[in-house]
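**Q** need the 3D shape of this:
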Amino acid sequence: MPDASCLCGAVTIAIKGPLERLSACHCTQCRKHSGHYWAATTMPLTQITYSGPVTWFRSSPAAQRGFCATCGSTLFWKPDGQDHMSISLGLFDTATGITPGPNGLTHIFTASKGDYYDLPPDEAQDP
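**A** You can find the predicted model right below:
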């Protein structure tokens, strides 16, 4: 699978195995953290290796968000006490092979989406 990095290259991420649980999150926290809705893949922690200056921010009582301490790139969402975390899809340096649609990217928390955009009706959605 492709490797990933932040905007400045200070943080690098290696993925072992196929990308899983692909989502575009429209919740208020993800929109504020990323500047729009946040597209991510969720992977088991055992399949993710990263290095570089990651800073963690506690965004809720249940999760933290990771970003590059050098350039500020949005990197991760990690729920407490879980064996997985989400990685920004925009970080991948090569093609991910992901396509929109019922078996690809799913839009989640769509009831919280911004009023300045519409969702494609043919893409999977979970309110």
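
**Q** for the rest of this, base every contact and every neighbour count on C-alpha atoms.
**A** OK.

**Q** which residues in the protein form strands?
**A** For the chain, strands defined by DSSP state E occupy the ranges 4-5, 12-15, 22-25, 38-44, 48-51, 54-60, 63-68, 74-79, 84-88, 106-108, 125-126.

**Q** hmm, Y50 is touching V11, no?
**A** Yes: with contact defined as CA atoms under 8 Å, Y50 counts as touching V11 (6.9 Å).

**Q** would CSV of the strands of the chain with mean neighbour count be doable?
**A** Output for these, formatted as CSV (neighbours: other CA atoms under 10 Å):
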stretch, mean neighbour count
strand 4-5, 22
strand 12-15, 19
strand 22-25, 23
strand 38-44, 21
strand 48-51, 13
strand 54-60, 15
strand 63-68, 20
strand 74-79, 22
strand 84-88, 22
strand 106-108, 21
strand 125-126, 16
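
**Q** weakest of these in terms of mean pLDDT?
**A** In terms of mean pLDDT, the lowest-scoring of those is strand 125-126 (a mean of 76).

**Q** note down every partner strand of that one and its orientation.
**A** Paired strands of strand 125-126, with direction, are strand 106-108 (parallel) (DSSP bridges).

**Q** got a list of contacts for the strand it pairs with?
**A** L22, S23, A24, C25, H26, C27, P100, E123, A124, Q125, D126, P127 (CA atoms under 8 Å, 6 or more residues apart in numbering).
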